[in-house]
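In: sequence plus the predicted model coming up.
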Amino acid sequence: MVVRVVRLGSQRIQAEGTRIGTVRRPPRGVPKAAFAAQDWYDVWFPNLAPSAETVKMGQQAATAQQWHAFLKKYRAEMSTPENSRTLDVLAALSQHANFSVGCYCEDESHCHRSVLRALLVEKGAKVE
């Protein structure tokens, strides 16, 4: 049992389990009925996406200092009681079920999902 951190829209791997979209917006131009069939996600959970303001910070980060500011802000958003409890639930579920969380970004190292991966590990999740 494990949680995988994936790029939404990428081909699923065998036994990946439920794919959770941790993005602010659904994929453009894709009918809702096609989200899962086209490997976007099975469940949309924008609660774990950065706020619109924070997404903009991350997308515009051109220096290490700007990226660090994005990381700090996103971690602060994820430390709210509601989001922290959500991460606790996902960490616990990773002990018993396969599932994945993801975002659209091509480069995980410059994406909120790299932080999400770290936060899940910090909460004790089994992360691939």
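Out: Nice, thanks for sending it over.
In: for this structure, what spans make up the helices?
Out: Remark: helices assigned in the chain by DSSP state H are 52-60, 64-78, 81-93, 112-122.
In: mind showing which ranges of the chain have poor pLDDT?
Out: For the chain, no stretch has pLDDT under 70.
In: hmm, back to that, just name the most buried of the helices of the chain.
Out: Among the helices of the chain, helix 112-122 has the highest mean neighbour count (mean count of other CB atoms under 10 Å), at a mean of 19. Every C-beta, even on glycine, is put in place using the N, C-alpha and C of the backbone.
In: let me see the contact set for Gly9.
Out: 27, 38-40, 104 (CB atoms under 8 Å, 6 or more residues apart in numbering).
In: redo these as TSV? Include neighbour count and distance to Ala92.
Out: TSV is the format used below for those (neighbours: other CB atoms under 10 Å; distance: CB to CB, whole Å):
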residue	neighbour count	distance to Ala92
Pro27	18	29
Gln38	13	29
Asp39	18	26
Trp40	21	25
Tyr104	17	27
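In: and of the residues you listed, the nearest to Ile13?
Out: For those, the residue nearest Ile13 by CB to CB is Asp39; the value is 10.4 Å.
In: now do the contacts for that closest one.
Out: For Asp39, the contact set (CB under 8 Å, 6+ apart) comprises 8-12, 19.
In: hmm, try it at 6 Å
Out: Asp39 sits next to 9, 11-12 when contact means CB atoms under 6 Å, 6 or more residues apart in numbering.
In: what would those look like in a markdown table with distance to Met57?
Out: Formatted as a markdown table, these follow (distance: CB to CB, whole Å):
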| residue | distance to Met57 |
| --- | --- |
| Gly9 | 23 |
| Gln11 | 30 |
| Arg12 | 30 |
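In: please consider this matter closed, and thank you.
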